[in-house]
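> A predicted structure for the sequence below; I have some questions about it.
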Amino acid sequence: MCNALHICATMKFEQMINMAREAFLKVPKSVLKGLGLIGIESVFCQLPGREIMTNIKSFKIRFAALFVLFFYVLLFCSGPALCAKLAIYTEDSAPANFVQNGTLTGLCVDIVREMQERIGDQTAIRVVPWSRGLSYLQSRANTMLFATTKAVARSDNFHWVGPLIRIKWFLFGLKDREYDIQCLEDAKQFKSIGTYIDDAKDQFLRARGFDNLVPVRDNLLNLRKIVRGRLDLFVSSDVGIKPLLRQSGISANKIVPIIEIKKADLYLAFSRNTDPEILHEWKQAFASVVRDGTFLKIYKKWLPDLHPPEPDCCGLHEKFF
């Protein structure tokens, strides 16, 4: 009850209206009839919050009764509409998370859905461009984005659950071209290196003084540009390059790794102002899928030749894999 009162005290009027609207739809007709609110529900549930302010005089008595009802439902009824709700976003990036024949699938998608089942969460996973998902993660409460690299530069900006997958970053180039690259610094001599906008690999190279980066919103463009001679190199990962090549139709014999940049672990990233109870549920669910072997089973289904990363959160300190 105290939590509900705290929510109400910190809510803006329009937020309260929207929550009340959701609560209203859950109330039995018999309760509405007893409060004299039959007939007003359609008006209330269709009007935007701001318009309700302008119409308050026309039904202020019923409006007051409605808020009595709202507080009743908020304090004593249960249901996802009355709780802080998590928004879940991912991108289209195989094999972790991708759309195949209109269906979202992938290693990380399977893990997230297994966790959702254990939590009892039915939130739809929305596929958005990476830069948009990152923007939501940075600016919105109760938001999760996966699979997100836990880079040093962003580690304090979010809450983390995982890791879900370990990858290696490489600079890739053309097989029939000579590259004089002995270390990462040598790549600065080239005119253009393709990257993925707002991606951790792009941010990593920029932080190390690379001023020859050409970011794009779709990683497929980097493959197409390099085979057409419009890029010298591009950045991708060991697990990401194979599905990219299949999707592009470009022969795998044309593209080779030139130099490894670093290893990186990908996580579920939660916005800093995510409800602590939501965060706790997801940490517990991750611990559960690791402990009973489900995580390893899913990992080996998608990446049978690779070893999964050790979990580093949720109190999981023992060796599992």
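Yep, it's here. Note that the structure is a prediction, hence the values are computed from the model and not measured. Residues are numbered from 1 along each chain as shown.
> can you give me the strands for the stretch 101-250 of the chain?
For the stretch 101-250 of the chain, the strands defined by DSSP state E, counting those that start in this stretch occupy 103-105, 125-127, 143-149, 158-174, 193-196, 213-216, 233-237.
> for the third one, the distance to its chain's centre please.
Computed by Cα atoms, centre = their mean, to the nearest Å, the separation of strand 143-149 from the middle of its chain amounts to 4 Å.
> for the last one, same thing?
Between the mean C-alpha point of strand 233-237 and the mean C-alpha point of its chain there is a distance of 22 Å (Cα atoms, centre = their mean).
> strands paired with that strand, and their directions?
strand 158-174 (antiparallel), strand 193-196 (parallel) (DSSP bridges).
> Check these for me and report the most buried one.
Neighbour counts (mean count of other Cβ atoms under 10 Å) averaged over each of the strands paired with strand 233-237 peak at strand 193-196, with a mean of 24. The way it works is simple: take the backbone N, C-alpha and C, and place the C-beta from them, glycine included.
> Put the alpha carbons of that strand into CSV.
Only the C-alpha atoms of strand 193-196 are listed here, as CSV (Å, rounded to 0.1, in the frame of the first residue of the first chain):
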residue,chain,number,x,y,z
ILE,A,193,36.7,1.9,-41.7
GLY,A,194,33.0,0.9,-41.7
THR,A,195,31.2,0.8,-38.4
TYR,A,196,27.7,0.5,-37.0
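> What distance do you get for residue 187 to residue 233?
Using Cβ to Cβ, to the nearest Å, one obtains 6 Å as the distance from residue 187 to residue 233.
> my bad, should have said residue 203
According to Cβ to Cβ, residue 203 and residue 233 sit 17 Å apart.
> Equivalent analysis for residue 306, please.
Residue 306 sits at a distance of 24 Å from residue 233 (criterion: Cβ to Cβ).
> which one of the two has more residues nearby?
Counted by other Cβ atoms under 10 Å, residue 306 and residue 233 do not tie: residue 233 has more neighbours, with 24 against 15.
> and the more buried one, what does it touch?
Contacts here follow Cβ atoms under 8 Å, 6 or more residues apart in numbering; on that basis residue 233 touches 171-173, 179, 187, 190, 192-194, 226, 258.
> which stretches of the stretch 51-200 of the chain form helices?
Using DSSP state H, counting those that start in this stretch, the helices found in the stretch 51-200 of the chain span residues 60-76, 107-119, 130-139, 200-207.
> any idea of the mean pLDDT for the shortest one?
On average, the pLDDT along helix 200-207 is 95.
> For it, could you pull out the residues that count as buried?
Judged by neighbour count (16 or more other Cβ atoms under 10 Å), helix 200-207 contains these buried residues: 200-205.
> Same check on the second one?
Taking 16+ other Cβ under 10 Å as the neighbour-count basis, helix 107-119 is seen to contain the buried residues 107-112, 114-116, 118-119.
> and what of the third one?
Neighbour-count burial for helix 130-139, with 16+ other Cβ under 10 Å as criterion, is recorded at 130, 133-137.
> go on, stretch 255-275?
Residues of stretch 255-275 classed as buried by neighbour count (16+ other Cβ under 10 Å): 255, 257-259, 261, 264-271, 274-275.
> Between those residues, which sits nearest residue 215?
Nearest to residue 215 out of the buried residues of stretch 255-275 is residue 261 (Cβ to Cβ; 15.9 Å).
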